[in-house]
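Engineer: Here is a sequence together with a model predicted from it:
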Amino acid sequence: MYEYDEECLKTFLKNQGQLFDEPVAGTLEEAEAFLEDCMAVVADSLAEVKSFLEEEGMDVEGMSPEEIEEAAEIFALPDGRYLIVEG
């Protein structure tokens, strides 16, 4: 089980509207439970994000780093990491 740090949880809570029409979590605890349930992944770089998406069968060939970063499933964290949430 992956442990999500406070930065991941706060970023997800603040920006969950980019992926979901309605909030799925209202507290840090709910955010952590949700991320665990959907097996969200933290990547250290956009290259890791792209590799993960390719492994999951998503066609990212030809997408620019900016396009990958703007995908609804990708949450950019303030420290340069990325949270990948498959909704």
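Structural biologist: Received the coordinates, thanks.
Engineer: hey, where'd the helices end up in the protein?
Structural biologist: Remark: helices assigned in the chain by DSSP state H are 6-15, 28-37, 46-55, 65-70.
Engineer: The first one: which residues count as buried?
Structural biologist: To tie it back to what came earlier, the one meant is helix 6-15. By neighbour count on 16 or more other CB atoms under 10 Å, the buried set for helix 6-15 is 8, 9, 11, 12, 13. To be clear about C-beta, it is placed using only N, CA and C from the backbone, and glycine gets the same treatment.
Engineer: Return the member of those nearest to residue 27.
Structural biologist: residue 13 (7.8 Å; CB to CB).
Engineer: for the closest one, what are its contacts?
Structural biologist: Contact analysis of residue 13 by CB atoms under 8 Å, 6 or more residues apart in numbering lists 25, 26, 27, 28, 31.
Engineer: Is it correct that the fourth one is in contact with residue 10?
Structural biologist: Right, residue 28. Yes: Residue 28 is within contact range of residue 10, at 7.2 Å (criterion: CB atoms under 8 Å).
Engineer: tally of neighbours for residue 83?
Structural biologist: 22 (other CB atoms under 10 Å).
Engineer: From residue 50, how far out is the residue located most distally from the centre of the chain?
Structural biologist: Farthest-out residue of the chain from its mean C-alpha position, per CA atoms, centre = their mean: residue 62, at 20.7 Å. Taken as CB to CB, to the nearest Å, the spacing of residue 62 relative to residue 50 amounts to 11 Å.
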